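Participant: From the sequence below, what's the structure:
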Amino acid sequence: MSTRIPFLKGHGTENDFVIVPDPENALDLPPAAVAALCDRRAGIGGDGLLHVVRSAEHPEAAQMAGEAEWFMDYRNGDGSVAEMCGNGVRVFARYLQHAGHVTEGDLALATRGGVKTVHIAKDGDVTVGMGKALLPEGDVTVSVGDRSWPARSVNMGNPHAVAFVDDLAHAGNLYSPPPFSPAAAYPSGVNVEFVVDRGPRHVAMRVHERGAGETRSCGTGACAVAVATARRDGVDPAATGSPATYTVDVPGGTLVITEQADGEIEMTGPAVIVAEGEIDADWLENAVR
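Facilitator: Below is the predicted model:
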């Protein structure tokens, strides 16, 4: 094996990622290695890792290779596997453009949440077709300290609990997962969004992402928040036949979410490559021992 492994660093509304190009799926990236790379003090640092693999070379994506050449093998910062990451998809697409694999325009990307359609605009923004939201039935409550709120369950390929609060400070430090009940609602954990109103069809949020803690942004979370807010507002594009667009402020910037009349959700926002370099393979080997 080469003693150095190429990597890049990128972010989407300050949701940041270590990017590891590995077209042939030749690298072994166990959870400990991912966690070491994402460590902000002893590693490169990131909310998660984007493992860039050709779909045909990855057993989880081979069946999607006919639709999408590239597979986003996404990992959380603690090394656990995640189904989807909306900001990650935008940064993944930006990397492919940066590397010369794709150009401006439309492309398809494989994820564990299915094939996602992406549009890279001339102005630099990236729009991702995030699929349709599922709205599981059942009452859910989330808590921080002595406060509790009812939450709306929204599934965007990964689970979310959206709580409307009076002040984003009520979410606390979000270092650890906010407790929720009933426990059976999210057997594999959940991303929790706390939301306040900023204006007509304009909200702000903070989020605890499972496996990462509080992050500066969460793309699937912003989509979940837009859908939950629309339903709270009595807006359902499937019923009206008209799309609904919400602006969602996150700590790291702003995302624009549109729910189409057919239920498809589009997320638009920036994606930036900030650096590239090499990982020392000996360091990585020692880091996972």
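Participant: does S188 really touch P159, like I thought?
Facilitator: Yes. When contacts are counted by Cβ atoms under 8 Å, S188 is listed as touching P159 (7.4 Å). (Glycine included, C-beta is placed from N, CA and C.)
Participant: how does the chain divide into domains?
Facilitator: Domain segmentation of the chain under automatic domain parsing yields 4-125+271-287, 140-268.
Participant: Now the ones you listed in CSV, please, with extra columns for distance to A133, mean neighbour count and mean pLDDT.
Facilitator: Listed next are the domains of the chain as CSV, based on distance: least, Cβ to Cβ, whole Å; neighbours: other Cβ atoms under 10 Å; pLDDT from 0 to 100:
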stretch, distance to A133, mean neighbour count, mean pLDDT
domain 4-125+271-287, 12, 19, 95
domain 140-268, 4, 19, 96
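Participant: As TSV, those domains with distance to K132 would be great.
Facilitator: Shown next, in TSV, are those (distance: least, Cβ to Cβ, whole Å):
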stretch	distance to K132
domain 4-125+271-287	10
domain 140-268	4
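Participant: Report the contact partners of L134.
Facilitator: Contact partners of L134, counting by Cβ atoms under 8 Å, 6 or more residues apart in numbering, are V154, N155.
Participant: Need phi/psi at it.
Facilitator: Main-chain torsions, L134, degrees, to the nearest 10: phi -100, psi 140.
Participant: how close does G199 sit to D249?
Facilitator: Look at G199 and D249: by Cβ to Cβ, to the nearest Å, they are 10 Å apart.
Participant: Not counting its neighbours along the chain, what's nearest the most centrally placed residue in the chain?
Facilitator: Geometric centre of the chain, nearest residue: C85, 2.4 Å, by Cα atoms, centre = their mean. Nearest residue to C85, sequence neighbours excluded (Cβ to Cβ, 6 or more residues apart in numbering): Y74, at 5.0 Å.
Participant: That neighbour pairs with what?
Facilitator: Beta bridges link Y74 to L50, judged by DSSP bridges.
Participant: Then V20?
Facilitator: H51.
Participant: and it, what does it touch?
Facilitator: Counting by Cβ under 8 Å, 6+ apart, the residues that V20 touches are I5, P6, F7, L27, L29, L37, L49, L50, H51, V52, I279.
Participant: State the distance from it to V195.
Facilitator: Relative to V195, V20 is positioned 33 Å away (Cβ to Cβ).
Participant: Then G79?
Facilitator: Look at G79 and V195: by Cβ to Cβ, they are 29 Å apart.
Participant: same check, this time on A35
Facilitator: From A35 to V195 the distance is 30 Å (Cβ to Cβ).
Participant: try G88
Facilitator: Counting by Cβ to Cβ, the gap from G88 to V195 is 22 Å.
Participant: What of E104?
Facilitator: As judged by Cβ to Cβ, E104 and V195 stand 33 Å apart.
Participant: same thing with K132?
Facilitator: Applying Cβ to Cβ to K132 and V195 gives a distance of 20 Å.
Participant: and if you look at L134?
Facilitator: According to Cβ to Cβ, L134 and V195 sit 19 Å apart.
Participant: and the closest residue to A32 other than its chain neighbours, how many neighbours?
Facilitator: The shortest distance from A32 to any non-neighbouring residue, by Cβ to Cβ, 6+ apart, is to V288 (4.0 Å). Using other Cβ atoms under 10 Å, V288 is surrounded by 17 other residues.
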